[in-house]
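coords please:
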Amino acid sequence: MSAGAAAARPRLRVARAGVAAPDGLVLVDKPQGVTSHDVVGALRRLAATRKVGHAGTLDPMATGLLVLGVGRATRFLTYLVGADKTYEATVRLGQETLTEDAEGPVTASTGCQPQDVLLPRLEQAVAPLTGRIMQVPSAVSAVKVDGRRSYQRVRAGQEVGLAAREVVVHHIGLLGQPRPTTARDGTAVVDVDLHVACSSGTYVRALARDLGRALGCGAHLTTLRRTSVGPFDCGEAATLEELSVQVEADAASGDPRGLPVLPLGAVARRCLPTVGLTTSQACALGYGQPLEAALLDQAQLPERPVTSKAAQGQDVVAGLDPDGTLVALLARKGTRARPVLVLAPA
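Numbers count the residues shown, from 1 in each chain. This next block holds a predicted model:
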């Protein structure tokens with residue numbers, strides 16, 4: 001991002017909490033024009049702790065769901081990074097940009113007419129972009145090339161060629177009818193609204209780029225909104241302004257509790273198989289001691305499970321104490337269920 005662009009970003013002003021927030025997740029509806037790091041910084045003030053992390057970034061131009069962890073929940077975020085995601089996106093057909101989105105300069109203006117992108121042709125172009133595909137990431141991305149971010153090399157004027165990587169695009173659906181319009185330079189273009197469901201690591205900008213190439217007119221992304229991450233939906237998220245109001249009201253109360261969070265026990269039930277523990281089992285796990293592997297056979301599956309990259313192929317099960325508190329994540333090793341992450345140490 002250029003210095004001018006950085007200066008143009010809105011400054012996030014939020015209240016500071018009176019007490020530190022409890023451990024848990026916070027779902028934030030990110031505004032346009034700020035970085036994910038900006039949101040993390042704002043949440044550190046709202047939660048009155050520096051121990052805040054995220055489960056995947058959004059570009060500054062994008063809006064929508066950011067999943068953030070507070071306190072010990074930052075350790076759990078690793079198990080959410082591989083979650084599938086959904087987006088609503090607007091793709092402009094007829095122009096290409098350096099960044100493959102609306103923030104970069106236009107590099108080609110072929111133009112596009114509505115008759116060029118009738119529904120059958122759009123569906124034909126979208127079909128090869130769905131399923132398990134090899135995708136070349138956007139050159140203006142955080143992918144490292146010889147130790148340096150790809151976007152840094154592009155902005156320094158270097159040519160960057162990234163290797164294709166496997167991603168899964170579960171669905172690309174058309175939202176409404178294509179809309180003919182005129183770009184700033186007078187080029188006739190067509191805007192197409194899409195719903196995208198995909199695996200972690202998929203670049204929606206790259207999907208827009210490849211759709212434009214398939215149609216022969218070029219394309220770039222003009223808007224992007226993340227609507228879900230795994231089992232968490234944007235409708236559950238709060239804006240930073242709403243969280244700030246909550247924190248101010250809490251700090252002014254006679255009994256401040258800190259920023260409201262989603263407790264880790266409730267989070268685990270939505271993301272992972274879970275098993276109930278006795279008090280003695282919970283105590284043993286708090287000390288890092290293993291349990292009998294047969295316990296894992298009692299695990300209850302969530303409605304929308306997350307396939308975690310951090311699990312490295314293991315079947316990870318969340319162990320909850322009698323109060324519903326997440327004690328540890330367990331994995332089967334021989335005849336034992338061993339903790340791979342203890343979140344409620346004894």
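
tell me the spacing between the most centrally placed residue in the chain and residue 197.
Closest to where the C-alpha atoms of the chain average out (C-alpha atoms, centre = their mean) is residue 56, at 4.2 Å. Distance, residue 56 to residue 197, using C-beta to C-beta, to the nearest Å: 15 Å. Where C-beta positions appear, they are placed from N, C-alpha and C, glycine not excepted.

again with residue 158
Relative to residue 197, residue 158 is positioned 34 Å away (C-beta to C-beta).

and the two? Which one has more around it.
Just comparing residue 158 and residue 197: by other C-beta atoms under 10 Å the higher neighbour count belongs to residue 197, 18 against 12.

who's that one bridged to?
Residue 197 forms beta bridges with residue 86, residue 171, as assigned by DSSP bridges.

residues touching it, list them.
By C-beta atoms under 8 Å, 6 or more residues apart in numbering, the residues touching residue 197 are 84, 85, 86, 169, 170, 171.

what about 6 Å?
86, 170, 171 (C-beta atoms under 6 Å, 6 or more residues apart in numbering).

what does residue 261 give?
Neighbours of residue 261 in contact, by C-beta under 6 Å, 6+ apart: 21, 22, 24, 26, 70.

the last one and residue 51, how far apart?
For residue 70, the distance to residue 51 (C-beta to C-beta) stands at 7 Å.

what do those two both touch?
Counting by C-beta under 6 Å, 6+ apart, residue 70 and residue 51 have no contacts in common.

more neighbours, the two?
Using other C-beta under 10 Å, the more surrounded residue of residue 70 and residue 51 is residue 70, with 26 against 16.

can you give me the pLDDT of the more buried one?
If you check residue 70, the pLDDT there is 98.

wait, it touches residue 48, no?
No: counting by C-beta atoms under 6 Å, residue 70 stays clear of residue 48, with 9.6 Å between them.

next helix or strand past the worst-scoring helix or strand of the chain on mean pLDDT?
Least confident helix or strand, the chain: helix 3-8 with a mean of 44, by mean pLDDT, DSSP states H and E. Moving toward the C-terminus from helix 3-8, the next helix or strand (DSSP states H and E) is strand 24-30.

pretty sure residue 26 contacts residue 68?
Yes: taking C-beta under 6 Å as the definition, residue 26 is a contact partner of residue 68 at 4.8 Å.

gap between stretch 32-44 and the chain center?
14 Å (C-alpha atoms, centre = their mean, to the nearest Å).

ignore what I typed, I meant stretch 327-334.
With C-alpha atoms, centre = their mean, you get 26 Å for stretch 327-334.

which stretches in the stretch 1-150 of the chain count as strands?
In the stretch 1-150 of the chain, the strands defined using DSSP state E, counting those that start in this stretch lie at 24-30, 52-54, 63-70, 85-93, 95-97, 106-109, 131-135, 144-145, 148-149.

I'd like these as CSV, with distance to residue 218 appended.
Formatted as CSV, the strands of the stretch 1-150 of the chain follow (distance: least, C-beta to C-beta, whole Å):
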stretch, distance to residue 218
strand 24-30, 28
strand 52-54, 32
strand 63-70, 24
strand 85-93, 8
strand 95-97, 4
strand 106-109, 5
strand 131-135, 18
strand 144-145, 24
strand 148-149, 25
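
residue 285 - how many residues pack around it?
26.

ok, now which ones touch the nearest residue to it once chain neighbours are set aside?
Once flanking residues are discounted, residue 285 sits nearest to residue 328: 4.4 Å by C-beta to C-beta, 6 or more residues apart in numbering. Residues in contact with residue 328 (C-beta under 6 Å, 6+ apart) are 285, 319, 339, 342.

just these: which are in helices?
Within the contacts of residue 328, residues falling in helices by DSSP state H are residue 285.

okay, and which of the contacts of residue 328 map to strands?
319, 339, 342 (DSSP state E).

Three-state assignment for residue 169, please.
strand (DSSP: H, G, I helix; E, B strand; the rest coil).

show me the contacts for it.
130, 198.

against residue 150, how distant is it?
For residue 169, the distance to residue 150 - C-beta to C-beta - is 21 Å.

and if you look at residue 70?
In terms of C-beta to C-beta, residue 70 sits 31 Å off from residue 150.

swap in residue 54?
Residue 54 is 20 Å from residue 150, by C-beta to C-beta.

check residue 122 too.
The value you get for residue 122 to residue 150, if C-beta to C-beta is used, is 29 Å.

now stretch 275-292: buried residues?
275, 277, 281, 282, 284, 285, 286, 290, 291 (16 or more other C-beta atoms under 10 Å).

which SS state does residue 152 fall under?
With three-state DSSP as the basis, the three-state label of residue 152 is helix.

farthest pair in the contacts of residue 261?
Largest separation among the contacts of residue 261 by C-beta to C-beta: 22 and 26, giving 10.8 Å.
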